[in-house]
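[1] would you be able to build a 3D model of this:
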Amino acid sequence: MSKNSAVAFPHPQASAADPLTEVLRQGAKRLLAQAIEAEVQTLLACYADERDDQGRQAVVRNGYLPEREVQTGIDLQT
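    Sure thing, here's the model as predicted:
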């Protein structure tokens, strides 16, 4: 005898449509972007003196690509 104990959770956007949640999501996105940027700057500073055989800086940023969607367990789309 098997009993299904699965619980269905509502879709995040359906249960979190209040303005406070949106403010928190936007703030979290900004904080993550700032933290990632700080990590990149720290990494680049650590390797600033590293040079390749032609005298160019060995560790550099690749630039920026167009924004793309990333699939996660949390729906952050607005």
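[2] what about stretch 65-74, how long is it end to end?
    From its first residue to its last, stretch 65-74 covers 23 Å (Cα to Cα, to the nearest Å).
[3] same check on stretch 8-26?
    End-to-end distance for stretch 8-26: 27 Å, by Cα to Cα.
[4] do stretch 59-68 as well
    This stretch, stretch 59-68, spans 24 Å end to end (Cα to Cα).
[5] for that stretch, buried residues please.
    Going by neighbour count (16 or more other Cβ atoms under 10 Å), nothing in stretch 59-68 comes out as buried. All C-beta spots, glycine's among them, are computed from the backbone N, C-alpha and C.
[6] hmm, who's touching it?
    Applying Cβ atoms under 8 Å, 6 or more residues apart in numbering, the contact partners of stretch 59-68 are 40, 43, 44, 47, 48, 50.
[7] now render those residues as TSV, adding pLDDT.
    Output for those, formatted as TSV (pLDDT from 0 to 100):
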residue	pLDDT
40	93
43	94
44	93
47	93
48	92
50	93
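[8] so which elements touch the top helix by length along the chain?
    Ordering each helix of the chain by length in residues (DSSP state H) puts helix 19-46 first. In terms of contacts (3 or more Cβ pairs under 8 Å, 6 or more residues apart in numbering; DSSP states H and E), helix 19-46 is packed against no helix or strand at all.
[9] mind checking how far that helix is from the chain centre?
    8 Å (Cα atoms, centre = their mean, to the nearest Å).
[10] quick one: pLDDT of the residue sitting nearest the centre point of the chain?
    Closest residue to the average C-alpha location of the chain: residue 32 at 5.9 Å, with Cα atoms, centre = their mean. At residue 32, the predicted lDDT confidence score is 96.
[11] quick one: it and residue 53, what's the gap?
    From residue 32 over to residue 53 the distance is 37 Å, taken as Cβ to Cβ, to the nearest Å.
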